[in-house]
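# predicted model follows, preceded by the sequence.
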Amino acid sequence: MFNRELLRSLDDPSRRQFMVHMAQACLGVTIAPFGGPLSSALAAAPPSSGKAKQVIYLFMEGAMSQLDTFDPKPGRDVQGSTKAMQTAVSGIQVSEHFPKLAQQLKKVALVRSLAAETGAHQPGQYLMRTSYKEIASIRHPGMGAWSQKVLGKINKDLPGNVVIGNSTGHPGPGFLDARFGPAPVGDPAAGLQNTQQPKYL
């Protein structure tokens with residue numbers, strides 16, 4: 001005899017529950033930090049359903065360093081000239097250059113634990129955009145291509161994703177179909193070029 005309540009609970013798992021179960025399955029309960037009270041707390045958390053339908057993903061090539069933006073390291077030798085300011089979240093400081101963002105930090109997911117094995121920019125950018133290490137034998141899709149492949153397009157007449165600027169490091173559709181690739185906008189001031197339909201069509 002099967003347990004209907006158990007089956008019902010598996011119908012719509014939250015992302016958090018999914019991650020807990022995957023970590024337990026892949027890593028084993030004995031070595032995963034998800035066993036015990038933390039696992040119960042995460043699994044018991046109410047599932048959240050996001051309302052966002054579009055994403056603006058800003059990936060700045062040659063932008064300010066983390067020390068001058070979101071991780072100013074106050075009082076340390078590496079701090080530099082940028083001062084830190086308190087935010088709306090107790091114990092978290094950001095650069096003095098972001099006073100309005102500091103007031104809104106409760107709405108921001110700030111990750112400061114990111115680490116990579118390479119200091120070279122090109123492989124690091126590839127890893128950030130695809131979550132894979134760059135290798136010669138395969139090209140991996142970027143976030144926009146994956147989201148379009150998995151979620152579909154919102155509007156059949158508009159591009160599912162767009163890349164702005166002449167980024168040489170953007171992975172595009174990778175090994176996915178070319179139709180999932182971003183529409184390139186080289187100059188944001190000029191907009192999307194060559195979009196007029198030929199008269200003979």
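Noted; the coordinates are in hand.
# quick one, domains of this protein?
Annotated domains of the chain cover 14-44, 66-107, 121-185 [automatic domain parsing].
# nearest to residue 196, of these?
Closest approach to residue 196 among those (Cβ to Cβ): domain 121-185, 13.8 Å. Backbone N, C-alpha and C define where each C-beta goes, glycine included.
# sketch out the helices for this structure, chain order is fine.
Per DSSP state H, the chain carries helices over the ranges 4-9, 15-27, 37-44, 99-103, 121-130, 143-151.
# pLDDT weak spots in this protein?
Counting by pLDDT under 70, the low-confidence segments of the chain come to 1-50, 166-169.
# what segments of it are strands?
84-86, 93-95, 162-164, 183-185 (DSSP state E).
# buried deepest among those strands, which one?
Across these, the average number of neighbours (mean count of other Cβ atoms under 10 Å) peaks for strand 93-95, which reaches a mean of 20.
# quick check: the closest residue in space to residue 105 that isn't next to it in sequence vs residue 93, distance?
Spatial nearest neighbour of residue 105, excluding adjacent residues (Cβ to Cβ, 6 or more residues apart in numbering): residue 87 at 4.0 Å. Separation of residue 87 from residue 93 (Cβ to Cβ, to the nearest Å) stands at 6 Å.
# ok, now which ones touch the closest residue to residue 172 other than its chain neighbours?
Spatially, and ignoring its direct neighbours in sequence, residue 172 is nearest to residue 181 (4.7 Å; Cβ to Cβ, 6+ apart). Shown in contact with residue 181 (Cβ atoms under 8 Å, 6 or more residues apart in numbering): 145, 172-173.
# same list, those, but as CSV with neighbour count and distance to residue 192 please.
Output for the contacts of residue 181, formatted as CSV (neighbours: other Cβ atoms under 10 Å; distance: Cβ to Cβ, whole Å):
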residue, neighbour count, distance to residue 192
145, 25, 18
172, 20, 16
173, 21, 18
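# save these as a markdown table, and put in distance to residue 104 too.
Shown next, in a markdown table, are the contacts of residue 181 (distance: Cβ to Cβ, whole Å):
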| residue | distance to residue 104 |
| --- | --- |
| 145 | 30 |
| 172 | 33 |
| 173 | 34 |
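# quick one: which of those is nearest to residue 158?
For the contacts of residue 181, the nearest to residue 158 is residue 145 (15.6 Å; Cβ to Cβ).
# surely the closest one is in contact with residue 179?
No. If you go by Cβ atoms under 8 Å, residue 145 and residue 179 don't touch, sitting 9.4 Å apart.
# now do the contacts for residue 99.
Counting by Cβ under 8 Å, 6+ apart, residue 99 has contacts residue 85.
# report how many residues lie close to the residue nearest to residue 138 when sequence neighbours are not counted.
Among residues not flanking residue 138 along the chain, residue 175 sits closest, at 6.2 Å (Cβ to Cβ, 6+ apart). For residue 175, the count of nearby residues is 10 (other Cβ atoms under 10 Å).
# how far away is residue 175 from residue 127?
Residue 175 is 17 Å from residue 127, by Cβ to Cβ.
# same question for residue 136.
Taken as Cβ to Cβ, the span from residue 136 to residue 127 is 15 Å.
# who has more neighbours, the two?
residue 127 (16 against 5).
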